[in-house]
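> Fold the following, please.
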Amino acid sequence: MPNATVLPSMVPDAGVGSVLKMSAALFFILAMLLLAYYVLRRLNVGGGLSGMRKGELQIVDRIAIGPRQNITVIRYRDRDMVLGVTQDRITLLHAGDEGHASSKKDFPGYLEKENSGFSDS
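You can find the predicted model right below:
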């Protein structure tokens, strides 16, 4: 039976250095994924999977006025509502009677209806 000797060049390097390199690469990939998630979430890309459900409630626009406070315009059944949203509560600030005008020729009638409750005197 021949004497089987293992040459040092044939043994894979399983030292601490290679484990550290692999861990660093894994950490870097996870950090890049978390950064991409944060940026996409911050830019509101995808709308929070709103395309997956068909409903009558739509968020038209949202503007932040503080760290956990925003003003949100929603549309529900062709009715626009302006909401003040804080950490503790949601307050209805304004509710329109009808939705936006569907064409340019409907706009004067819509504007007249909105202004009919106010007097200029």
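> low pLDDT regions in this structure?
Applying pLDDT under 70 to the chain flags residues 1-14, 45-54, 97-121.
> any idea where the strands of it begin and end?
For the chain, the strands defined by DSSP state E cover 57-66, 69-76, 79-85, 90-95.
> Redo those strands as JSON lines? Include distance to A36 and mean neighbour count.
Quick note: C-beta positions are derived from backbone N, CA and C, even for glycine. Formatted as JSON lines, the strands of the chain follow (distance: least, CB to CB, whole Å; neighbours: other CB atoms under 10 Å):
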{"stretch": "strand 57-66", "distance to A36": "22", "mean neighbour count": "11"}
{"stretch": "strand 69-76", "distance to A36": "24", "mean neighbour count": "15"}
{"stretch": "strand 79-85", "distance to A36": "27", "mean neighbour count": "16"}
{"stretch": "strand 90-95", "distance to A36": "31", "mean neighbour count": "10"}
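> Turn those into JSON lines, columns for distance to G17.
Compiled in JSON lines, the strands of the chain are given as follows (distance: least, CB to CB, whole Å):
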{"stretch": "strand 57-66", "distance to G17": "47"}
{"stretch": "strand 69-76", "distance to G17": "50"}
{"stretch": "strand 79-85", "distance to G17": "52"}
{"stretch": "strand 90-95", "distance to G17": "55"}
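> So for V39, which of these sits nearest?
strand 57-66 (16.4 Å; CB to CB).
> May I have that closest one as PDB, with CA atoms only?
Taking C-alpha atoms only, strand 57-66 is exported to PDB below (Å, rounded to 0.1, in the frame of the first residue of the first chain):
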ATOM      1  CA  LEU A  57     -60.600  54.200  -1.600                       C
ATOM      2  CA  GLN A  58     -57.600  55.900  -3.100                       C
ATOM      3  CA  ILE A  59     -54.800  58.100  -1.500                       C
ATOM      4  CA  VAL A  60     -54.600  61.000  -3.900                       C
ATOM      5  CA  ASP A  61     -51.700  62.900  -2.200                       C
ATOM      6  CA  ARG A  62     -49.900  63.100   1.100                       C
ATOM      7  CA  ILE A  63     -47.600  65.800   2.600                       C
ATOM      8  CA  ALA A  64     -45.600  65.400   5.700                       C
ATOM      9  CA  ILE A  65     -45.800  68.300   8.200                       C
ATOM     10  CA  GLY A  66     -43.900  66.700  11.000                       C
END
